[in-house]
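Trainee: sequence? don't have it. structure:
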C-alpha cells in the first residue's frame, strides 16, 4: 500500500485512505463510508482493502476494515499523511465517472444490451487504455414506472449485463467489477414529472432516471 502511494498515481474515483476511530467495533456501523454489497458487507479490492466512498471520514471507519489502527491508534498520524498523499496524487488526474442512459444501453424495460449500448461501452474502455483496473463499479437505476421490487430487479439485471459484456468481450477480471442496482432511488428528475399512468409523455419525462453509472478506479505509472 505504501509503495503504491509513493510510486503510482491513482486514476479514478475511489481512493483508499486508512484510519479508524476507537469507537467502531465488530458491526458495520457506518456503511455510507464504504462501498458495500447487497448484504451490507464492505467491498474489497484485490489486496483485500475496503473501498472508501467520498463520505468517508476517520469517525466513520470500522473495525472490519482497519483493525490494526484500533490496537495502535498512534498510527493515525501516519495514516493521515498517507491519505493526504493519495488526495494530492488523485487531484492530478481527472476522475473517471460516466453516466450512461439506460435507453442508450437497453430497450425500454429490457436488460439486453443494444448495439448502441455496446458501442458506448467500447468507447468508454478505449479511453482507459494503459490503465490497470483495480475496480469498476456499475450501478443500475430505474424510473418509478412499475413496482419498486420490479424496478430494483431490473436495475440489478442491467448492471449485471454491463459486467457480463466487460468480462466476456473486454477480458476484465470479474472479481474487479462490482455491480449493484438501486431501482428507483436517487431520481435525476426529482418531482418534475407528473402523473402515474404509463404514458409516452411520462416515459419520455423520466428518461434521465433510467441510467447506469459506471465508475472506474485504477493505477498507472507516474511519468
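Mentor: Ah, there it is. Just so we're clear, the structure is a prediction, and the values are computed from it rather than from any experiment.
Trainee: Show me what counts as buried in the host helix or strand of residue 204.
Mentor: Using DSSP states H and E, the element containing residue 204 is helix 200-205. Neighbour-count burial for helix 200-205, with 16 or more other CB atoms under 10 Å as criterion, is recorded at 202, 203, 205. The C-beta positions use only the backbone N, C-alpha and C, and glycine is treated the same way.
Trainee: Just the closest of the residues you listed to residue 108, please.
Mentor: Nearest to residue 108 among the buried residues of helix 200-205: residue 203, at 6.8 Å, using CB to CB.
Trainee: Can you verify my assumption that the closest one contacts residue 145?
Mentor: Yes: contact criterion CB atoms under 8 Å: residue 203 and residue 145 qualify, at 6.8 Å.
Trainee: Low-confidence ranges, this structure, go.
Mentor: Within the chain, the segments meeting pLDDT under 70 span 1-31, 57-59, 67-96, 220-223.
Trainee: Provide the contact partners of the longest helix seen in the chain at residue level.
Mentor: Using DSSP state H to define each element, the chain has its longest helix at helix 148-170. Around helix 148-170, the neighbours that count as contacts under CB atoms under 8 Å, 6 or more residues apart in numbering are 102, 105-106, 109, 111-113, 118, 121, 125, 136, 138-146, 172-174, 177, 179-184, 212, 214.
Trainee: what does stretch 113-126 give?
Mentor: For stretch 113-126, contacts defined as CB under 8 Å, 6+ apart pick out 98, 100, 104, 105, 106, 107, 161, 162, 165, 166, 170, 214.
Trainee: now do 10 Å
Mentor: Applying CB atoms under 10 Å, 6 or more residues apart in numbering, the contact partners of stretch 113-126 are 96, 98, 100-107, 131, 133, 136, 138, 158, 161-162, 164-166, 169-172, 212, 214, 216.
Trainee: What is the subsequent helix or strand relative to the helix holding residue 204?
Mentor: Once the chain leaves helix 200-205, the next helix or strand it forms, by DSSP H and E, is strand 211-221.
Trainee: For that following strand, name the packing helices and strands.
Mentor: Here strand 211-221 is seen to pack against helix 2-7, strand 8-12, strand 96-101, helix 102-105, helix 115-126, strand 132-141, helix 148-170, strand 177-181 when contacts are counted using 3 or more CB pairs under 10 Å, 6 or more residues apart in numbering; DSSP states H and E.
Trainee: I figured residue 190 hits residue 205, correct?
Mentor: No: counting by CB atoms under 10 Å, residue 190 does not reach residue 205; the two are 11.1 Å apart.
Trainee: Any of the contacts of helix 148-170 buried? List them.
Mentor: Burial of those was assessed by neighbour count (16+ other CB under 10 Å); the buried members are 102, 105-106, 109, 111, 113, 121, 125, 136, 138-145, 172, 177, 179-184, 212, 214.
Trainee: so what are the domain limits for the protein?
Mentor: As given by automatic domain parsing, the domain ranges for the chain are 2-90, 96-221.
Trainee: I'd assumed residue 99 was in contact with residue 188.
Mentor: Yes: with contact taken as CB under 10 Å, residue 188 and residue 99 are classed as touching, separated by 8.8 Å.
Trainee: any idea how far the nearest residue to residue 107 once chain neighbours are set aside is from residue 198?
Mentor: Using CB to CB, 6 or more residues apart in numbering and skipping the chain neighbours, the partner closest in space to residue 107 is residue 114 (6.3 Å). Computed with CB to CB, to the nearest Å, the distance linking residue 114 and residue 198 is 21 Å.
Trainee: Lovely, talk soon.
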